[in-house]
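**Q** Turn this into a model:
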Amino acid sequence: MRLKHSEDNGKLFIRLLLSITLCIVVTLVVSSAILFTLFNRIALKQVYQSDLAALNQTSKEVVGMTDSAQSLSFQLYQNLTISKLMFYAKPTIYDSVAAMRELNNYLSSMPFIKSIYVYNPNSPYVYLSSNSKQSGLLAPSELADQDILKMLDDYQDYKPFTPIPRTIPVDVDSAERQAVYTYLCYDAIGLTDKVNSAIIVNIDAQWINRDIGSHSGQATKGKSFIIDNLGRLLSGDNLLVGGSDDEGTSLIGRIVADADSGYFIGQSGGSKSLVSYTKPDSLEWRYVRITPYHDVTRQVNGIRALTIAVAAGILAAGLIISFILSRRLYMPIDRMASRMRTLETEKRNSLLTLRQDWLRNLVLGREALNPRPLRRRMDDLGIEFDLQNEYRMALLAIDRFQSFADTSGPDARVYKYAIMNICYELASQSYKVETVDMDADGVLLLLGTSAAAPFDDVGLLESVLKHIQQAVLEHLRIGVTIAYTDADSHAVHVHTMYKKVKEASQHRLFAGYGSLIRANEVIVPMLKEYVYPVDKERRLIESVAAGKVEEAMQLIGCMVNETRSHSVQVARWLLSHLTMVLTNVLHSLQRSHAIVFERSPEHMLAVSDQPFETLQEAEAAFQSLLEEVREKLAEKRSMRHEDLIKHIHLIIEEHYGDSNLSLNWIADKLDLSPSYVGRIYKQITLNALIDVINSVRMERSIELLEGTHYSVAEIAERIGYTNPSYFYRMFKKHYGVTPTDYRRRIAVDEGGAAAKG
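**A** I've put the predicted structure just below:
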């Protein structure tokens, strides 16, 4: 015991030490996590603001360049020299040279301009002023930038003076391309629905996008993109269209869905990245910057490593401090813990008894049902069952309880606790459960709502209850009958529900052993007043007295069935009354016939003090009793018949010489009816009484013929025949010869025997 106490003390000290250490660790981890998150947000915010400033500057430059391109286009249109190329189908060589000189002057004065096209659909040439190899008067088929011709054919798809990001070839034979912003200025007035003239200005993309390229000079490395008014994702370096994959489509979708500037963390190129973007500008363009996340958080990760190192040092110091503090706090807490263990042991030993007593008093209506005190008391006893939600009651009644109590003896309570444990284990899988020992043969189940199963599923409830019946029978060899109620949600109805389920359980009398009874189906109001069948009782008494068991059982069954439309109490009263009636019949038979029964009438009265549990049990008891009555009456009747036959034989032996000897004469002597005497004699001996009388007279006649010298007439008179001729006929019929021949034969036999001697 002391060793156990020492182990508990060691566990307490370890728990105390670990709790303090855990508090320090959790504090450090939480604070570090908060700081790390804040630093990340600050770093992301700073990078976003830097990217946003550069992207907005580029946006302003593109818008400004648009204004410049528009002014330039207007100037070119208003230039008389250049206008001849747009409106004359075949300008002179002098006009063409002068116009090209003007274009080259504009190109030289504005270094950001890559090339200028003058287009006249009526002219066989496209006039091109460019810094590249291809320049001058070119036939449309010779033009390297064939895409511009398609754009002019589909000019309705493009807004004038709006930059069109694209790439153009440097030369016809070269695969090299350069990124430009193209500005269209065209005249399409007329009925032809075609461009009459156009000036195309291509501005170098590198000139505008110099601030949104790869940002090689910045601390963080990333790439910039443009989302134009057509929703295309263009590279900031070369204006190539990208983002056709799912990843690019997802990024574009998230950006377009936001009407303002912002940033988010997403996947780009298979890696985690910071995506910053501007709001749409006047051109409905948006500028996007994608920066690898690890570049943004590089400094924060360094701070994190430093924080972990500092936290490790603090943790080491905290462990030492917690060890010292736990040692100092250990002694008073240990004393308190020892005292609490003692109190807990005492409470645990009595808690089960207290729970059972309190729950029993609750369902019996002996406890107050105020909600707050009720909940407080249930918490004190560790009862989690909630009477404010829906609940049911199920009452288990042990079948053949008296036999069970007699055989189990002092172990009966142990068996009931085993039944309660089986109920709890099986029912708790679907419901909240409390089990209550209701003394006698009852175990009460309180079933409450649970998330594991729907509470209104009666099929599930009956399945659980049947499983309980099978388990109790299998493990304990005890049969139980279960009655259950419908759901209720009011604590004040708990006593009423118990009375209802208890009354329902008594319907085992009709349902039989091992039945499952639903209270609301069996408890019905009595429709009519019960009238006791007096005439059937009279017939029952007569049937029992006559030993007619089948008729008596039919009457008992009919009387019992008449009680099914009434309450169980009526049926129990009838069984008790029938027991009293049969007891009185037994007393009467004992007095009148001197019959001794194996079970005395007093035994039947003792049985009536312990009510039958089922009608089958009652019928079996009545059947056994009536069978015994029939056997005893048959036995008594058999003894009386044997005495009667002996008496008749004695009368015949004494009065065979009386000529009046007959069935009627004997019946008068016995004070019985001739028909009864004749029937009983024939049943017992299988002979007619007159034949037996004649047989006795013939035997006496033989004795007289052999031993006397009486004449045949005298012999006939001596044996009761008044007519000698009738005697002759009867003798010859009986022996085959006449009396005279029989005497003569005897004389001959005697003479022969004398001669031989």
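**Q** what's the burial count for Pro112?
**A** If you look again at residue 112, you'll see it is Phe, not Pro. Applying other CB atoms under 10 Å, we find 14 residues neighbouring Phe112. No exception for glycine: its C-beta is placed from N, CA and C like everyone else's.
**Q** Just to check, it is in contact with Trp207?
**A** Yes. Applying CB atoms under 8 Å, one finds Phe112 in contact with Trp207, separated by 4.1 Å.
**Q** For Ile265, which residues are in contact?
**A** 44, 272-275, 293 (CB atoms under 8 Å, 6 or more residues apart in numbering).
**Q** Buried subset of those as a PyMOL selection?
**A** Selection of buried members from the contacts of Ile265 for PyMOL, criterion 16 or more other CB atoms under 10 Å:
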select buried, resi 44+273+274+275+293
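**Q** okay, the contacts of Ile265 in JSON lines with pLDDT next?
**A** Formatted as JSON lines, the contacts of Ile265 follow (pLDDT from 0 to 100):
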{"residue": "Leu44", "pLDDT": "75"}
{"residue": "Lys272", "pLDDT": "79"}
{"residue": "Ser273", "pLDDT": "82"}
{"residue": "Leu274", "pLDDT": "81"}
{"residue": "Val275", "pLDDT": "84"}
{"residue": "Tyr293", "pLDDT": "75"}
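**Q** Tell me which of the contacts of Ile265 fall in helices.
**A** Among the contacts of Ile265, the ones falling in helices (DSSP state H) are 44, 293.
**Q** now the one residue sitting closest to the centre of the chain, which residues is it bridged with?
**A** The C-alpha lying nearest the average C-alpha coordinate of the chain belongs to Ala453 (CA atoms, centre = their mean; 4.0 Å). Beta-bridge partners for Ala453, by DSSP bridges, are Ser450.
**Q** ok, it - contacts?
**A** With CB under 8 Å, 6+ apart, Ala453 has these contacts: 430-431, 460.
**Q** ok, those residues vs Val677, which is closest?
**A** Leu460 (74.0 Å; CB to CB).
**Q** so is the closest one in a helix, a strand, or just coil?
**A** Of the three states, Leu460 takes helix according to DSSP: H, G, I helix; E, B strand; the rest coil.
**Q** What's the local residue count around it?
**A** 14.
**Q** What of Leu38?
**A** Counted with other CB under 10 Å, Leu38 comes out at 11.
**Q** separation between Val581 and His587?
**A** Using CB to CB, to the nearest Å, Val581 is found at 11 Å from His587.
**Q** I'd guessed Leu644 sits against Leu670; true?
**A** Yes. Counting by CB under 8 Å, Leu644 does reach Leu670; the two are 7.3 Å apart.
**Q** State the pLDDT value of the residue nearest to the centre of the chain.
**A** On the pLDDT scale, Ala453 is placed at 72.
**Q** and if you look at the one 5 residues further on?
**A** Here, the pLDDT recorded for Val458 equals 86.
**Q** Now for it, how many residues are close by?
**A** Look at Val458: counted by other CB under 10 Å, it has 13 neighbours.
**Q** Show the contacting residues for it.
**A** By CB under 8 Å, 6+ apart, the contact set of Val458 is Arg518.
**Q** Okay, now the unreliable bits of the stretch 201-350 of the chain?
**A** In the predicted model, the stretch 201-350 of the chain carries pLDDT under 70 at residues 209-221, 236-248, 269, 299-301, 303-304, 322-323, 325-349.
**Q** Quick one: the helices in it, in order.
**A** Remark: helices assigned in the stretch 201-350 of the chain by DSSP state H, counting those that start in this stretch are 205-208, 246-256, 293-296, 298-363.
**Q** The stretch 651-757 of the chain too?
**A** In the stretch 651-757 of the chain, the helices defined using DSSP H, counting those that start in this stretch lie at 663-670, 674-685, 689-707, 712-718, 724-735, 739-756.
**Q** Pull the residues that contact the fifth one.
**A** Right, helix 724-735. With CB under 8 Å, 6+ apart, helix 724-735 has contacts from 694-695, 697-698, 701-702, 712-713, 715-717, 719, 721, 737-739, 742.
**Q** List buried residues within those residues.
**A** Buried among the contacts of helix 724-735 (16+ other CB under 10 Å): 694, 697-698, 701-702, 712, 715-717, 719, 721, 739, 742.
**Q** Dump those to CSV, plus distance to Asn421.
**A** Shown next, in CSV, are these (distance: CB to CB, whole Å):
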residue, distance to Asn421
Asn694, 84
Arg697, 87
Met698, 87
Ser701, 92
Ile702, 90
Val712, 100
Ile715, 97
Ala716, 96
Glu717, 97
Ile719, 91
Tyr721, 93
Pro739, 97
Tyr742, 96
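**Q** Can you pick out the most distant pair from those?
**A** Farthest pair in the buried ones among the contacts of helix 724-735, by CB to CB: Glu717 and Tyr742, 17.7 Å.
**Q** what about Leu444, which helix or strand?
**A** strand 442-448 (DSSP states H and E).
**Q** Show me how far that strand is from its chain's centre.
**A** 19 Å (CA atoms, centre = their mean, to the nearest Å).
**Q** So which elements touch that strand?
**A** The contact analysis (3 or more CB pairs under 8 Å, 6 or more residues apart in numbering; DSSP states H and E) places strand 442-448 against strand 391-398, helix 412-427, strand 432-437, helix 494-505.
**Q** Okay, now the unreliable bits of the stretch 401-550 of the chain?
**A** Counting by pLDDT under 70, the ranges of the stretch 401-550 of the chain that qualify are 524-528.
**Q** can I assume Leu582 is in contact with Leu625?
**A** Yes. Using CB under 8 Å, Leu582 is in contact with Leu625, at 6.2 Å.
**Q** shared neighbours, Leu644 and Leu670?
**A** By CB under 8 Å, 6+ apart, the residues touching both Leu644 and Leu670 are Val677.
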